[in-house]
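**Q** no sequence on hand, only this structure:
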């Protein structure tokens, strides 16, 4: 069996989208991918992201937001930026693989004015499902 591809999902806060991507990729593609996530400016794990991931049987409640520096110089085959800010501020990754941008909407921003829990969680669910569809294409979907 070939070596697993090492992938980093990078976002600004490492609190929502990159955490969902890490959880989904570990769950769906753990046999072929070694998966990490980090943020350019890490924040606290988003509790609504935890809720919507639990809905699909994936527990990310023990995840912690990490900075790029917390990864100890790991080398990656792919660095996937999942938000536009991280894509714009992504550091150079010399010798660390290819940077791929696949942006997703920011659920906390979209849910900011929600009037109910159902309305608040709707963007999280939509983005979770969009990330899942993307993860299901990996690693082949990165070879484009």
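**A** Noted; the coordinates are in hand. No experiment lies behind these values; they were computed from the predicted model shown. Numbers count the residues shown, from 1 in each chain.
**Q** only C-alpha atoms from now on, for both contacts and neighbour counts.
**A** Noted.
**Q** give the contact list for residue 50.
**A** By C-alpha atoms under 8 Å, 6 or more residues apart in numbering, the contact set of residue 50 is 59, 60, 61.
**Q** could you rerun that using 10 Å?
**A** Applying C-alpha atoms under 10 Å, 6 or more residues apart in numbering, we find residue 50 in contact with 15, 16, 19, 20, 23, 58, 59, 60, 61, 62, 63, 124.
**Q** what about these, which are in helices?
**A** Among these, the members falling in helices (DSSP state H) are 19, 20, 23, 124.
**Q** let me see the confidence value for the residue of the chain most remote from its centre.
**A** For the chain, the residue at maximal distance from the C-alpha centroid (C-alpha atoms, centre = their mean) is residue 115, at 26.7 Å. For residue 115, the pLDDT comes out at 96.
**Q** which element follows the helix or strand of the chain with the lowest mean pLDDT toward the C-terminus?
**A** Ranking every helix and strand in the chain by mean pLDDT, DSSP states H and E puts helix 84-89 at the bottom, with a mean of 62. Following helix 84-89 in sequence order, the next helix or strand is strand 98-101 (DSSP states H and E).
**Q** on contacts alone, who are the packing partners of that following strand?
**A** strand 5-11, strand 78-81, helix 84-89 (3 or more C-alpha pairs under 10 Å, 6 or more residues apart in numbering; DSSP states H and E).
**Q** just checking: what are the partner strands of the longest one?
**A** Yep, that's strand 5-11 we're talking about. Its sheet considered, strand 5-11 pairs with strand 33-39 (parallel), strand 78-81 (parallel) by DSSP bridges.
**Q** residues in contact with the most centrally placed residue in the chain?
**A** The residue lying closest to the centre of the chain (C-alpha atoms, centre = their mean) is residue 18, at 2.0 Å. By C-alpha under 10 Å, 6+ apart, the contact set of residue 18 is 8-12, 24, 36-39, 65, 80-83, 104, 131.
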